[in-house]
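A.B. asks: Just need the structure, nothing else, for what follows:
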Amino acid sequence: MRGGGGEETSGGSSGTSSTEKQREKARVSRTSLILWHTHQNDVSAVRKLLEEDPGLVNARDYDNRTPLHVASIHGWIDVSNCLLEYGADVNAQDRWKNTPLADAEGAKKFNMIELLKSYGGLSFGQNGSHFEPKPVPPPLPKKCDWEIEPSELDFSTSTIIGKGSFGEILKAYWRGTPVAVKRILPSLSEDRLVIQDFRHEVNLLVKLRHPNIVQFLGAVTERKPLMLITEYLRGGDLHQFLKEKGSLSPLTAVNFALDIARGMAYLHNEPNVIIHRDLKPRNVLLVNSNADHLKVGDFGLSKLIRVRNSHDVYKMTGETGSYRYMAPEVFKHRKYDKKVDVFSFAMILYEMLEGDPPFSNYEPYEAAKYVAEGQRPTFRAKGYVQELRELTTQCWSADMNQRPSFLEILKRLEKIKEILPQEHHWHIFRCEMFVTLYDGNWHSG
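C.D. replies: Numbering: from 1, shown residues only. Down below sits the predicted model:
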């Protein structure tokens, strides 16, 4: 509670407070921009930002990474020259104590290594040349009952159903059963960060058991290539489904939303909360072509947090996930909690009823920027009963504390379902679609 003397009633100081907030908002926005343009290798945009504010040259994200770290790991020479010209700290260290040179060495960007050394760059951190990589052990110290022998996987009739920067997802067979296999490219099988992400996802999936969560079946961790095996879902993903079907009837949308919310309520159960951080239609999968059951999948960006206090917020990586469905606090590199998933859920619910992604006329980054500035998609569909509109609006509230939990969302969806006109058959959709189980965005932010 705020007393009579709190900041809201502080008289003349309120203007100063407002100005400070505006400055902070502008600073965070510019930090996001220079990191983004550096990542995109857009040297003209980076230079323009530095001309306006030279101090941005050493801007840092939540992992303490500077624009020079980002440019170094990608090998962007022109952008790096621009940053160094404006006085970038060549030996800045991120949260893992890595310098830009250490990142360049880890990524084997030889031209970048020469450039950084010419400016006095030193190789500190786990990626540095002095660092002796140790063999990565299996996710758990002993051979587990879920460790799969590669010889048991039949790829003779396999088909690629998804690709990513670190590998591919194939439909294969395991002991006669069709499965989805996420396979790390052999060329990356020794990459420390790739293996770290792989181990993280395996360790997470081992713990999950729920009808609305994609079922983990096993993994290959003791041989190369590394592989993660999950159930194969014939219905494809929700993104493809909506692309083909357009807007859904209110009853179908609510039934879909109930399945997603059940899976998410399970993940958000305290004290061991799992924040998905990349909830979007591509990561929601249909069990079959009847479209009568959905499951939440792809936990490559998820975080397992042990909650001590139900109001805890966490300082985690900003701009993790997909821009179009991203909560504003993530885009702005603020502290956030499990309610980021509730925001993404609202965007999915909107898309199911409208038939188009939120802010579909904008590029994903621009859409996220509008959302961060307080904009929200416009309701156009006739199927929005008042209660459904109110729930969606509350779920995408700018104040994460105003967003309901998934347990509350489930209760409200059940009540909404009771007032909707019933269809004769819910299993009315038939689709023969190319199956895309994941969008391949596997690396942590």
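A.B. asks: Run me through the strand neighbours of the biggest strand by length in the chain, direction for each.
C.D. replies: Longest strand of the chain, by residue count under DSSP state E: strand 153-164. Looking at strand 153-164 with DSSP bridges, its partner strands are strand 167-174 (antiparallel).
A.B. asks: just how off-centre is the strand it pairs with within its chain?
C.D. replies: 22 Å (C-alpha atoms, centre = their mean, to the nearest Å).
A.B. asks: which residues touch it?
C.D. replies: Taking contacts as C-beta atoms under 8 Å, 6 or more residues apart in numbering, the residues outside strand 167-174 that touch it are 148, 152-155, 157-163, 178-185, 188, 217-218, 225, 229, 232, 435, 437-438, 440, 442. The C-beta positions use only the backbone N, C-alpha and C, and glycine is treated the same way.
A.B. asks: Excluding chain neighbours, give the residue nearest to residue 109 in space.
C.D. replies: residue 75 (3.6 Å; C-beta to C-beta, 6 or more residues apart in numbering).
A.B. asks: unless I'm mixing things up, that neighbour is touching residue 107, no?
C.D. replies: Yes: using C-beta atoms under 8 Å, residue 75 is in contact with residue 107, at 6.8 Å.
A.B. asks: just for this protein, where's the confidence low?
C.D. replies: 1-28, 126-143, 164-165, 300-321, 383, 423-445 (pLDDT under 70).
A.B. asks: can you give me the strands for it?
C.D. replies: Using DSSP E, strands in the chain cover 153-164, 167-174, 177-184, 216-220, 227-231, 272-275, 284-286, 294-296, 303-306.
A.B. asks: Please identify which of these is closest to residue 407.
C.D. replies: Closest to residue 407 of the strands of the chain is strand 272-275 (C-beta to C-beta; 12.7 Å).
A.B. asks: Output the contacting helices and strands for that closest one.
C.D. replies: On a contact count with 3 or more C-beta pairs under 8 Å, 6 or more residues apart in numbering; DSSP states H and E, strand 272-275 meets helix 250-267, strand 303-306.
A.B. asks: okay, these in TSV with mean neighbour count and distance to residue 66 next?
C.D. replies: Shown next, in TSV, are the helices and strands packed on strand 272-275 (neighbours: other C-beta atoms under 10 Å; distance: least, C-beta to C-beta, whole Å):
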stretch	mean neighbour count	distance to residue 66
helix 250-267	22	33
strand 303-306	14	23
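A.B. asks: As TSV, these with distance to residue 278 would be great.
C.D. replies: TSV is the format used below for the helices and strands packed on strand 272-275 (distance: least, C-beta to C-beta, whole Å):
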stretch	distance to residue 278
helix 250-267	12
strand 303-306	11
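A.B. asks: Residue 83: which of the ones you listed is closest?
C.D. replies: strand 303-306 (29.9 Å).
A.B. asks: and residue 267, what does it touch?
C.D. replies: 208, 213, 273-276, 296, 302, 341.
A.B. asks: How about the contacts made by the residue nearest to residue 405 when sequence neighbours are not counted?
C.D. replies: Spatial nearest neighbour of residue 405, excluding adjacent residues (C-beta to C-beta, 6+ apart): residue 268 at 6.9 Å. Residue 268 sits next to 274-275, 338, 341, 405-406 when contact means C-beta under 8 Å, 6+ apart.
A.B. asks: what's the closest of those to residue 80?
C.D. replies: Nearest to residue 80 out of the contacts of residue 268 is residue 275 (C-beta to C-beta; 33.4 Å).
A.B. asks: beta partners of that closest one?
C.D. replies: residue 303.
A.B. asks: Surely it touches residue 340?
C.D. replies: Yes: contact status for residue 275 versus residue 340: in contact at 6.6 Å, counting by C-beta under 8 Å.
A.B. asks: Could you measure from residue 345 over to residue 407?
C.D. replies: Residue 345 sits 13 Å away from residue 407 when distances are taken as C-beta to C-beta, to the nearest Å.
A.B. asks: Likewise for residue 367?
C.D. replies: 29 Å.
A.B. asks: between those two, which one's more packed in?
C.D. replies: The residue with more neighbours, out of residue 367 and residue 407, is residue 367; 23 against 13, by other C-beta atoms under 10 Å.
A.B. asks: contacting residues around that one?
C.D. replies: Residue 367 touches 323-324, 358-359, counting by C-beta under 8 Å, 6+ apart.
A.B. asks: Give me the buried positions along stretch 64-78.
C.D. replies: 65-77 (16 or more other C-beta atoms under 10 Å).
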